[in-house]
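> turn this into a model:
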Amino acid sequence: MKDGVNGVALGVFLFFFVLVTVLGFVAARWRRAENEHSLDEWGLGGRSFGTWITWFLLGGDLYTAYTFVAVPAAVYATGAAGFFAVPYTILVYPLIFTFLPRLWSVSHRHGYVTTSDFVRGRFGSKGLSLAVALTGILATMPYIALQLVGIQAVLDVMGVGGGSGFGKDLPLLIAFGVLAAYTYSSGLRAPALIAFVKDALIYLVIAVAIIYIPIKLGGFDDVFAKATAALGHANPLTGKPRGALVPPEAGQWTYATLALGSALALFMYPHSITATLSSRSREVIRRNTTILPLYSLMLGLLALLGFMAIAAGVKVTNGQLAIPQLFEDMFPDWFAGVAFAAIGIGALVPAAIMSIAAANLFTRNIYKDFIRPDATAREETRVSKIVSLLVKVGALVFVLTMDKTVAINFQLLGGIWILQTFPALVGGLFTRWFHRWALLAGWAVGMAYGTLAAYGVASPTQKHFGGSAKEIPGIGEIGYIGLTAFVLNAAVAAVLTLVLRAVKAPEGVDETAPEDYTADAGDPGVAVDLPPATADSAH
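Predicted coordinates for the structure are as follows:
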């Protein structure tokens, strides 16, 4: 690690940071609507984005600074097991091709802003809607925190934010303040505009890294040979090999279930749905599911950086610093600054979308449903703006007061939680057979099992919440806790639905119609600005 502040890299980083800050504020005037005081405008960009804007927005939303830092860091730490993110992003696109257009259509027709809006309208249950909203907010908070961890990792490697006390955290506080300001001002338009810069930088950095770094290290043969040797050394904490170039047979269940569970969970996150609902037509969604796999190609190349960091002899106490340190060591200072800017901006875009999505959930499904049912569109927008600030403050406190490993493990816990909303959301898009009370009970069982199982997982550095894999009951193999919890969730929902239908338990009112799920923009009956009906619903 170089001593002191890398002035050239910092200068380049600040140039791009200032550029996206200006774009963030300019975005408030981009595609300005006549009525800016609605969640459709502030929180969904007016539902007006076409194919390319949506592609960059979704890419900027899903492939975050955490992805840029953590995926190759996992490969650096454990070897091929860290590649699980590549198959899960391959699995996810055929999956979302089947249900995202249906969600867009019904949301467009009824003016739904969140997944909880849809769940309430479909099943006539504010209780189930509240469960989905709270899960979304809880799962999103540590995800936002990890974006700030990504920025902090870059600042640490550049030599900024060293020392102790307030001065150590000042650069992160400044970055947070700028993010909060332009998100408050411009809403979803800010990350949509900045995503163009972010993705261009990431593609540039990966293209250069995948060619330039192996040449400096003697070619890919040497990279893989050195990585294989290093991964074969015993970990002093466990006494076992650090990792492997190919996942061992004992880890294959974990690898497969983690990939499948992560694929099912990815588009349950509120920020994924927020970016989706900002599109102007269902065809935009369908086209995006066919071109988004280009990011999976990028992710596979990105993961290889973990092997390069091993081969380059990068030594860090925090694995999250491995890739920033690799860039610092291998690139000229000016291009290291470009790479750091890609990671930093890669944190700002998703953090903005995540905070907007969490704020929309609170406003529509907690504040409006339970506190102020008669809230106006202007009031909803004001509350959502304020909550988006509070969400970012919470994430910042999380980062500054807790160990970074804890932050990562809480994000893994968030993935377990958000997967438990799948039966209500995706199940509801195709059938209303499930009873609302059964779905709520299944959600509760999945959440309880997932949380308790994760609490019981220890690691060499943590007694609790040390990972997201545990023995699968009845099978005996080690698998992803979230997927096991999801299976229990779905089973409970199915069995209780049979019981509740047998005793003729009352069902809520479904405000949707079959034609709503295939409607497109401009079809008769589509009313973007129409707020969801507030049908009276028993719980």
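> so after the longest helix along the chain, what's the next helix or strand?
The longest helix of the chain (DSSP state H) is helix 126-158. Where DSSP states H and E defines the elements, the next helix or strand beyond helix 126-158 is helix 166-186.
> contact partners of that following helix?
If you take Cβ atoms under 8 Å, 6 or more residues apart in numbering as the criterion, helix 166-186 is touched by 17, 21, 24-25, 27-28, 30, 148, 151-152, 155, 160-162, 190-191, 344, 348, 351-352, 355-356, 385, 388-389, 392, 396, 399-400. Quick note: C-beta positions are derived from backbone N, CA and C, even for glycine.
> so residue 518 is in contact with residue 103, correct?
No - applying Cβ atoms under 8 Å, one finds residue 518 not in contact with residue 103, separated by 11.7 Å.
> which one of the two is surrounded by more residues?
residue 103 (24 against 13; other Cβ atoms under 10 Å).
> find me the pLDDT at the more buried one, would you?
Residue 103 carries a pLDDT value of 96.
> try residue 539
We have a pLDDT of 34 for residue 539.
> tell me which residue is most central in this protein.
residue 62 (5.5 Å; Cα atoms, centre = their mean).
> partners of the residue nearest to residue 258 when sequence neighbours are not counted in the sheet?
Leaving aside its chain neighbours, residue 258 sits nearest to residue 480 (4.3 Å; criterion: Cβ to Cβ, 6 or more residues apart in numbering). Bridge pairing for residue 480 (DSSP bridges) gives the partners residue 469.
> from residue 442, how far out is residue 480?
Counting by Cβ to Cβ, to the nearest Å, the gap from residue 480 to residue 442 is 18 Å.
> quick one: which of the two has more around it?
Set residue 480 next to residue 442 and count neighbours by other Cβ under 10 Å: residue 480 wins out with 30 against 27.
> hmm, the more buried one is touching residue 471, no?
No - counting by Cβ under 8 Å, residue 480 sits too far from residue 471 to count as a contact (11.5 Å).
> overlap in contacts of the two?
With the criterion set as Cβ under 8 Å, 6+ apart, the contacts of residue 480 and residue 471 do not overlap.
> before we move on, the earlier item: now do the contacts for the residue nearest to residue 258.
Residue 480 neighbours (Cβ under 8 Å, 6+ apart): 254, 257, 258, 260, 261, 262, 468, 469.
> helices or strands next to the helix or strand containing residue 210 in the packing?
If you go by DSSP H and E, residue 210 is part of helix 189-217. Applying 3 or more Cβ pairs under 8 Å, 6 or more residues apart in numbering; DSSP states H and E, one finds that helix 189-217 contacts helix 7-26, helix 51-62, helix 166-186, helix 220-231, helix 293-311, helix 322-330, helix 333-362.
> give me the mean pLDDT for that helix.
Taken as a whole, helix 189-217 has an average pLDDT of 92.
> can you list the buried residues in that helix?
Residues 189-199, 201-203, 205-206, 209-210, 213-214, 217 are the ones in helix 189-217 that count as buried (16 or more other Cβ atoms under 10 Å).
> angle of it against helix 322-330?
Per axes from the mean of the first three to the mean of the last three Cα atoms, to 10 degrees, the angle that helix 189-217 makes with helix 322-330 is 60 degrees.
> please compute how far helix 189-217 lies from its chain's middle.
19 Å (Cα atoms, centre = their mean, to the nearest Å).
> same check on stretch 139-153?
10 Å.
> could you dump it to CSV, C-alpha only?
Coordinates of each C-alpha in stretch 139-153 appear next as CSV, following Å, rounded to 0.1, in the frame of the first residue of the first chain:
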residue,chain,number,x,y,z
ALA,A,139,-33.8,-5.6,3.9
THR,A,140,-32.8,-2.4,2.1
MET,A,141,-31.2,-0.6,5.1
PRO,A,142,-28.0,-2.8,5.3
TYR,A,143,-27.8,-2.8,1.5
ILE,A,144,-27.6,1.0,1.5
ALA,A,145,-25.0,0.8,4.3
LEU,A,146,-22.8,-1.5,2.1
GLN,A,147,-22.8,1.1,-0.7
LEU,A,148,-21.3,3.5,1.8
VAL,A,149,-18.8,0.8,2.8
GLY,A,150,-17.8,0.7,-0.8
ILE,A,151,-17.1,4.4,-0.9
GLN,A,152,-15.2,4.1,2.4
ALA,A,153,-13.0,1.3,1.0
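> show me where the stretch 101-250 of the chain dips below the pLDDT cut-off.
For the stretch 101-250 of the chain, applying pLDDT under 70 flags the ranges 161-168, 236-239.
> in the stretch 351-500 of the chain, which spans are helices?
377-401, 404-419, 422-430, 436-455, 481-502 (DSSP state H, counting those that start in this stretch).
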